[in-house]
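**Student:** Just need the structure, nothing else, for what follows:
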Amino acid sequence: MTPPGWHPDPGYSGNGPAQERWWDGAQWTGHVRASPGAARRRGIRIGVGVTVGAVVLAAIGGGVYLLGEDGGGGPGTAASSPSAVPDPPGAPDGGEKDGEKGGEGNGDGQGPGEQLPPTEPGFATDLAAGISLPVPQGWKGTSGAVGAGLTTGEHACPGDTAETCVRGGVFSAPAAAMKLTAGTPEEAAKKDITLNAQESYGGKSYGKISSHEELKSEAVTVAGGKGYVVRWKVVTEKGDDGYVESLVFPSPTSKDMLVVVRSGFDVNKDAPKLSVLDDITRGIKAASGAGGGAGGAV
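**Tutor:** Numbering: from 1, shown residues only. Below is the predicted model of the structure:
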């Protein structure tokens, strides 16, 4: 999976201080800042899935891997080369753009001036999408101004043991933040599942995907809106196989906005059961105080 956040700049030449570049969940932007990791390492950050602060989780799953610093997610694959692009949804006000000198962000993946998501016990809130994801017992939930995520079961990635993967991950973001432009929830879900599978299990952490089996493709009601879900089982080159799911539905606070929830679980005795994924889907609701419909999936 691949979520937005501050990540090591893939175009860094090695000359001068290390820097980070903002990944918007689909491509590298023109926002850069000095790398906090150049001075110290801080906890864990989720690369293929969740980022702390502005959490657009664009890719996820058991294939989600953790990159070694807190406060931001990094792409799960070696992604695109750096280039200056228009400011993406959720991009930080802090940091600087290529060729500009500006202030740094606060180091937690959230730029100065970004609106903090509301705190709701037991839920991870995606402020931009207007939804909250239920956090299963024992899981880690991360709220964000753009995007939210749930992860569990950290372990060494089978294809690159220097990196850390998770047994399960669920991540949300507005479809626009993922550059997903398909018109209907069904069209968007069917388009996104291929990207989800590749980003979750097709990179160096699990090797290439040799085949897949479609387990589900159907309409579903989520948070009061009519959506669509597609679920695959993928066979990987290295390590465990995986389940990936792309769920798309209208935001309960803005019917013109589509929300994407990407999920991925390892096929492993230590991974969550698929029933947990179904429980999470049923528990998705409008963010507290955001208005709009609430309710689970049917």
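
**Student:** residues of stretch 181-191 that come out buried?
**Tutor:** 185-186, 188-191 (16 or more other CB atoms under 10 Å). C-betas here are computed from N, CA, C, even on glycine.

**Student:** In helices, which of those residues fall?
**Tutor:** Among these, DSSP state H puts 185-186, 188-191 in helices.

**Student:** could I get those residues as JSON lines with pLDDT?
**Tutor:** What follows is those, written out as JSON lines (pLDDT from 0 to 100):
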{"residue": "Pro185", "pLDDT": "96"}
{"residue": "Glu186", "pLDDT": "97"}
{"residue": "Ala188", "pLDDT": "95"}
{"residue": "Ala189", "pLDDT": "96"}
{"residue": "Lys190", "pLDDT": "96"}
{"residue": "Lys191", "pLDDT": "94"}
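
**Student:** need the strands for the stretch 151-298 of the chain, in chain order.
**Tutor:** 164-174, 209-222, 225-236, 242-251, 254-266, 285-286 (DSSP state E, counting those that start in this stretch).

**Student:** Determine which stretch of these is the most buried.
**Tutor:** Neighbour counts (mean count of other CB atoms under 10 Å) averaged over each of those peak at strand 164-174, with a mean of 30.

**Student:** Return the angle between stretch directions for that strand and strand 242-251.
**Tutor:** Put simply, strand 164-174 runs at 20 degrees to strand 242-251, going by axes from the mean of the first three to the mean of the last three CA atoms, to 10 degrees.

**Student:** Enumerate the residue intervals of the protein where per-residue confidence is below the cut-off.
**Tutor:** 1-3, 11-18, 25-27, 34-119, 289-298 (pLDDT under 70).

**Student:** what bridges to Val234?
**Tutor:** His212, Gly242 (DSSP bridges).

**Student:** Settle this for me: it is touching Gly242, isn't it.
**Tutor:** Yes. Counting by CB atoms under 8 Å, Gly242 is a contact partner of Val234 at 5.3 Å.

**Student:** Residues that sit against both of those two, list them.
**Tutor:** Tyr201 (CB atoms under 8 Å, 6 or more residues apart in numbering).

**Student:** Is Ala173 bridged to anything, and to what?
**Tutor:** With DSSP bridges as the rule, Ala173 is bridged to Val260.

**Student:** Quick check: Arg21 vs Pro10, distance?
**Tutor:** 7 Å (CB to CB, to the nearest Å).

**Student:** Look at those two and report which has more neighbours.
**Tutor:** Arg21 (21 against 15; other CB atoms under 10 Å).

**Student:** List phi and psi for the nearest residue to that one once chain neighbours are set aside.
**Tutor:** Leaving aside its chain neighbours, Arg21 sits nearest to Asp9 (4.1 Å; criterion: CB to CB, 6 or more residues apart in numbering). With angles defined as degrees, to the nearest 10, Asp9 shows backbone torsions of phi -70, psi 120.

**Student:** Quick one: neighbours of Leu127, just the number.
**Tutor:** Quick note: Leu127 (other CB under 10 Å) scores 24 neighbours.

**Student:** Could you number the chain from 36 rather than 1 from now on?
**Tutor:** Sure, I'll start counting at 36 from here, so that last one is Leu162.

**Student:** From Tyr263, how far out is it?
**Tutor:** 24 Å.

**Student:** do Gln233 as well
**Tutor:** 20 Å.

**Student:** Check Ser178 too.
**Tutor:** Counting by CB to CB, the gap from Ser178 to Tyr263 is 25 Å.

**Student:** Kindly report the same for Arg317.
**Tutor:** 16 Å.

**Student:** How about Val170?
**Tutor:** 24 Å.

**Student:** what do you get for Lys320?
**Tutor:** 18 Å.

**Student:** list the contacts for the residue nearest to Trp267 when sequence neighbours are not counted?
**Tutor:** Closest residue to Trp267 apart from its sequence neighbours, by CB to CB, 6+ apart: His247 at 4.7 Å. By CB under 8 Å, 6+ apart, the contact set of His247 is 232, 267-270.

**Student:** Looking at those residues, which is nearest Ala258?
**Tutor:** Trp267 (23.3 Å; CB to CB).

**Student:** Just say helix, strand or coil for Thr64.
**Tutor:** In three-state terms, and counting by DSSP: H, G, I helix; E, B strand; the rest coil, Thr64 is strand.
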